[in-house]
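# generate coordinates for the sequence data below:
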Amino acid sequence: MNNDNINNINNGVVVISGGSAANNLVGVFKDLVAAGNGDGRCPLSYVIPISDNGGSSSELIRVFGGPGIGDVRSRLVRLIPDSEPQDHHPVIDEDAVSPTASYPHSSPIKQFFNHRLPVHPPTARLEWLDIVESRHSLWTSIPSPKKELIRSFLNHLNLEIVKRARPPHSVFSFQNAAVGNLFLTGARLFTGSFESAIYLLGVVTGVPEYVSVLPAINSNFSHHISAGLVDGSVVTGQNDISHPSAPTALPSDEDTVEDANLPGSLPTLRQQNIVFSKSPAPEERDLPARIERIWYINPYGQEIRPAANPKVIDAIRGSQCLVYSIGSLYTSIIPCLILRGVGAAILSSSIRFKVFILNGSIDRETGPASDPFTALDFIAAIARACSESRGIAGGECKPEEYRAYVTHLVHLEGEGTPVVDGKALKGLGIECLRVYGRRTREGGMRYDEVALKQALEAILGRREGVGGIGRRMTMGGG
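Below is the predicted model of the structure:
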């Protein structure tokens, strides 16, 4: 995984995305860059947010500080080559609350880093000890030199966990912890560098060199977000914005808790949000009002304006195609766009195609159900975030300026999908491509990978025929 050869290359593809949703499209982006640079592949960069404070990441942040690594780990693990080719990848939510899923076509190393410890805390702790002491069956097919290298970082993390233990309250919970998250944290603590930890996991697991996984902010510190709603209320922390859960309460005397948080930090940022569902209960599904704006906060809740990872800026400026992928609009995409430097980089003349792949359904962040976002609302949110990144007060951006940030919209059509007014978007200079998809059990639609790849190839001018439009996709949007 090469992070150093992305400068001055004007044929790369940059994908801005979050975790599990966009993971299902990794094969599409892999194929898209396959013929992008003669006989080789053009660079492919994934820009991943680090503001997640839910799941097992919340416990790592609480005890060790540092960035939310769940989405970074999720993407790296999905990029690990399988032991045998697959035409169709199963839809797997790596962040689901469950013990290890079955990955019948995965290599042993991929199964290892995909593994989650049990939900029951005492059982999870015992299984963790089996892993670090080399007794677990996960090690069976991993070569000894690689096993001992991996185990050294896990043991380093284990030592740090033991050093920080202050029972009964200040103890680390292994509940539902992802082994990949534990490895990245151990490597980050050992090297002192988040970037080095990512590089190490990529090298150990064989992530292809033409792919770069870039955290939106390259930092050893935690970065949290807040959402301002149109009714004036504020929701703090990504977990509460996206999928609220019942957190583990802190003791009444918070001074008895020793963790990585600064004294006086917001209580909502100190909680354990380990167990959650991405399909909240009906009474939790809708926010009180639409989200108007997202911003970064310090541990005390004050707004800050962090700069983007310089390698993210370099990747964007050196690309021919920028893709805003599917995923949570306000907790996966927008946190990457509002960082200083990103908006200006997207306006770079070298980027010919700025493609927005519209979600196949409405979620908690793009509701409420009584007033769901349309495709134009999604695009407006992206444009405002990019404008805010450039220092424009309030992210003010006129509709006629949207095309500076989005040139093409790829979307599905069917029950539960956001409404697309193709005529209005075309009037703004944004081309729409409707592609084939399949219904999901949860409501909404899911992209057909072949159809989506054809649409992206048509946009990039790599398909033959009139406009490059195939039978699985049509121009226009309703």
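
# from now on I want contacts and neighbour counts done on CA atoms only, so please keep to that.
Fine.

# which parts of the stretch 101-250 of the chain are strands?
With DSSP state E, counting those that start in this stretch as the criterion, the stretch 101-250 of the chain has strands at 211-215, 224-229, 234-236.

# so what strands line up beside the first one?
Within its sheet, strand 211-215 is paired with strand 44-48 (parallel), according to DSSP bridges.

# same question, the second one
Using DSSP bridges, strand 224-229 pairs in its sheet with strand 234-236 (antiparallel), strand 291-297 (antiparallel).

# run through who's touching that strand.
Applying C-alpha atoms under 8 Å, 6 or more residues apart in numbering, the external contacts of strand 224-229 come out as 51-53, 234-238, 241, 288-299, 335.

# what of the last one?
Applying C-alpha under 8 Å, 6+ apart, the external contacts of strand 234-236 come out as 225-229, 241, 268, 301.

# next up, the contacts around residue 313.
In this structure, residue 313 makes contact with 341-342, 345, judged by C-alpha under 8 Å, 6+ apart.

# repeat that for residue 403.
With the criterion set at C-alpha under 8 Å, 6+ apart, residue 403 makes contact with 428-430.

# ok, those vs residue 260, which is closest?
residue 430 (46.0 Å; C-alpha to C-alpha).

# nearest residue to that closest one other than its sequence neighbours?
Excluding the flanking residues, the one nearest residue 430 by C-alpha to C-alpha, 6 or more residues apart in numbering is residue 407, at 4.9 Å.

# just residue 215 next, same as before
Distance criterion C-alpha to C-alpha, 6+ apart; nearest residue to residue 215, sequence neighbours excluded, is residue 48 at 4.9 Å.

# burial count for that neighbour?
Residue 48: 27 surrounding residues under other C-alpha atoms under 10 Å.

# if I read this right, it contacts residue 216, doesn't it?
Yes. In this structure, residue 48 is within contact of residue 216 by C-alpha atoms under 8 Å, at 5.4 Å.

# quick one: buried ones out of the contacts of residue 403?
For those, burial is judged from neighbour counts taken by 16 or more other C-alpha atoms under 10 Å, and it is met by 429-430.

# just give me the closest of the contacts of residue 403 to residue 319.
Using C-alpha to C-alpha, residue 430 is the member of the contacts of residue 403 that sits closest to residue 319, with 19.5 Å.

# now do the buried residues in the lengthiest helix in the chain.
Residue-count comparison of every helix in the chain, with assignments taken from DSSP state H, identifies helix 144-164 as the longest. Neighbour-count burial for helix 144-164 flags 147, 150-158, 160, 164 (criterion: 16+ other C-alpha under 10 Å).

# tell me which residues touch residue 14, please.
In this structure, residue 14 makes contact with 44-47, 315-316, 319, 321-323, judged by C-alpha under 8 Å, 6+ apart.

# most neighbours of all those, which one?
With neighbours taken as other C-alpha under 10 Å, the top of these is residue 315, carrying 31 neighbours.

# so it sits in a strand?
No. Remark: residue 315 does not belong to a strand; assigned using DSSP: H, G, I helix; E, B strand; the rest coil, it is helix.

# now it: how far from residue 381?
When distances are taken as C-alpha to C-alpha, to the nearest Å, residue 315 and residue 381 turn out to be 22 Å apart.

# pLDDT averaged over stretch 274-285 - what is it?
Mean pLDDT, computed over stretch 274-285, is 56.

# repeat for stretch 328-346
The pLDDT scores in stretch 328-346 average 97.

# what does stretch 294-305 give?
Along stretch 294-305, the predicted confidence averages to a pLDDT of 95.

# repeat that for stretch 16-23.
Averaging pLDDT along stretch 16-23 gives 87.

# what's the answer for stretch 426-445, then?
In the prediction, stretch 426-445 has an average pLDDT of 91.

# contacting residues around it?
The set of residues that contact stretch 426-445 without belonging to it, under C-alpha under 8 Å, 6+ apart, is 360-362, 399-400, 402-403, 406-417, 422, 425, 446-448, 451-452, 455, 472-477.

# please indicate which of the residues you listed are buried?
Restricting the contacts of stretch 426-445 to buried positions leaves 360-362, 402-403, 406-414, 416-417, 422, 425, 446-448, 451-452, 455, 473-477, with burial counted as 16+ other C-alpha under 10 Å.

# mind checking which of these are in helices?
With helices defined by DSSP H, the entries of those inside them are 422, 425, 451-452, 455.

# ok, residue 337 - how many residues close by?
Neighbour count for residue 337, taken as other C-alpha under 10 Å: 26.

# surely it meets residue 344?
No. No contact is recorded between residue 337 and residue 344 when judged using C-alpha under 8 Å, the distance being 10.2 Å.

# name the residues contacting each of residue 48 and residue 216.
Once C-alpha under 8 Å, 6+ apart is applied, the residues that residue 48 and residue 216 both contact turn out to be residue 336.

# so residue 353 bridges to which residues?
With DSSP bridges as the criterion, the beta-bridge partners of residue 353 are residue 321.

# quick thing: my sequence starts at 24, can you match it?
In the new numbering, first residue 24, that becomes residue 376.

# how close does it get to residue 433?
Distance from residue 376 to residue 433, counting by C-alpha to C-alpha: 12 Å.

# what do you get for residue 35?
For residue 35 relative to residue 433 (C-alpha to C-alpha), the value is 19 Å.

# check residue 420 too.
Taken as C-alpha to C-alpha, the span from residue 420 to residue 433 is 22 Å.

# likewise for residue 264?
Taken as C-alpha to C-alpha, the span from residue 264 to residue 433 is 26 Å.

# and if you look at residue 149?
As it turns out, when the distance is counted by C-alpha to C-alpha, residue 149 lies 47 Å from residue 433.

# try residue 484
When C-alpha to C-alpha is applied, the distance between residue 484 and residue 433 equals 15 Å.

# could you do residue 316 as well?
Computed with C-alpha to C-alpha, the distance linking residue 316 and residue 433 is 24 Å.

# same question for residue 216.
The value you get for residue 216 to residue 433, if C-alpha to C-alpha is used, is 37 Å.

# and if you look at residue 145?
Distance, residue 145 to residue 433, by C-alpha to C-alpha: 47 Å.

# swap in residue 136?
Here the criterion is C-alpha to C-alpha. By it, residue 136 lies 33 Å from residue 433.

# swap in residue 296?
34 Å.

# repeat for residue 223
Taken as C-alpha to C-alpha, the spacing of residue 223 relative to residue 433 amounts to 35 Å.

# contact partners of stretch 203-220?
The set of residues external to stretch 203-220 that reach it, using C-alpha under 8 Å, 6+ apart, is 79-80, 83, 92-93, 96, 100, 135-138, 173, 176-180, 221, 223-224, 241-243.

# same thing but at 7 Å, please
Contacts to stretch 203-220, defined as C-alpha atoms under 7 Å, 6 or more residues apart in numbering, come from residues 92-93, 96, 136-137, 176-177, 179-180, 221, 241-243.

# residue 395: what secondary structure?
Under the three-state scheme (three-state DSSP), the conformation of residue 395 reads as coil.

# who's in contact with it?
Residue 395 sits next to 385, 389 when contact means C-alpha under 7 Å, 6+ apart.
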